[in-house]
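Engineer: Predicted structure and sequence below. I'll ask about it afterward.
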Amino acid sequence: MLEIILQKYFNLKEDWNDDYETERDIWLKSYDKLIDLIYDLEDLGVIENANKIVDKLDKIDSLEM
């Protein structure tokens, strides 16, 4: 599900090629955009405790990769 969110909103390509390092870099850039958004939303007062959200996403990310 995290991958689908990154594809839909953060420019992660749906099709991967055999170059793992390049694809991993693309994944991380998309993921970083999501994390930045979460902290920005916390700064705006829209969400509380962005660190807790990021920790949960990191756990999901480690399972998906």
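Structural biologist: Nice, thanks for sending it over. Just so it is clear, the model here is predicted, and its values are computed rather than measured.
Engineer: From here on, just use CA atoms for contacts and neighbour counts.
Structural biologist: OK.
Engineer: how about the helices in the chain?
Structural biologist: Along the chain, counting by DSSP state H, helices occupy 2-9, 20-44, 50-64.
Engineer: Let me see the mean pLDDT of the first one.
Structural biologist: Pointing back at helix 2-9 there. The pLDDT scores in helix 2-9 average 91.
Engineer: can you pull the buried residues of that helix?
Structural biologist: 3, 6 (16 or more other C-alpha atoms under 10 Å).
Engineer: Point out where the protein drops to low pLDDT.
Structural biologist: Scanning the chain with the threshold set as pLDDT under 70 gives 64-65.
Engineer: Please report phi then psi for the residue located most distally from the centre of the chain.
Structural biologist: Distance from the C-alpha centroid of the chain peaks at D18, with 21.0 Å (C-alpha atoms, centre = their mean). Note on D18: its backbone torsions stand at phi -80, psi 0 [degrees, to the nearest 10].
Engineer: burial count for the closest residue to I47 other than its chain neighbours?
Structural biologist: For I47, the nearest residue in space outside its immediate sequence neighbours is L41; the separation is 6.0 Å by C-alpha to C-alpha, 6 or more residues apart in numbering. Neighbour count for L41, taken as other C-alpha atoms under 10 Å: 14.
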